[in-house]
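**Q** I would like to see how this sequence folds:
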Amino acid sequence: MVSIARREEKGSDVNVAAHLLHDVLTGAVEAAVVVSNDSDLKLPVQIAKERVPVGVVNPTKGHPARDLSGAPGAGVGGHWWYQLTVPDFIGAQLPTVVGTLRKPAGW
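**A** Down below sits the predicted model:
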């Protein structure tokens, strides 16, 4: 038996960081929610927290990245954190039938 793990860089963390900072620095948003547990986002999240309230949602099973945590009152304050749970994912699923489409049996 062989186990293969592929780790590919997609640049998604860079895209999230760029859009977060652009939106915050141009005043396009009054608050931000980042759905990630990637500690590479530490600096952009810290910068955003100085200007707007930021919520960080951890979509993984693991512990939240310490680099994305902090004090709710830091910067402008009003920051929060949330750990997604299995019921969150189940509650976000589309119904079995949507219009003429049917969810595959294995889903």
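
**Q** every contact and neighbour count from this point should use C-alpha atoms.
**A** OK.

**Q** now do the strands in the chain.
**A** 32-35, 54-58, 80-83, 97-98, 101-102 (DSSP state E).

**Q** which of these sits most buried?
**A** strand 54-58 (a mean of 21; mean count of other Cα atoms under 10 Å).

**Q** which residues sit against it?
**A** With Cα atoms under 8 Å, 6 or more residues apart in numbering as the test, strand 54-58 has contacts from 31-37, 45, 48, 64, 68, 78-84.

**Q** go on, stretch 23-41?
**A** 13, 17, 20, 48, 51-60, 64-68.

**Q** mind running it again at 7 Å?
**A** Under the contact criterion Cα atoms under 7 Å, 6 or more residues apart in numbering, stretch 23-41 has outside partners 13, 17, 48, 52-60, 64-65, 67-68.

**Q** residue contacts, the spatially closest residue to Leu84 that is not a sequence neighbour?
**A** Take Leu84 and drop its neighbours on the chain: the residue closest to it by Cα to Cα, 6 or more residues apart in numbering is Pro59, 5.2 Å away. Residues near Pro59 by Cα under 7 Å, 6+ apart: Val35, Ser36, Asn37, Gln83, Leu84.

**Q** thank you, goodbye.
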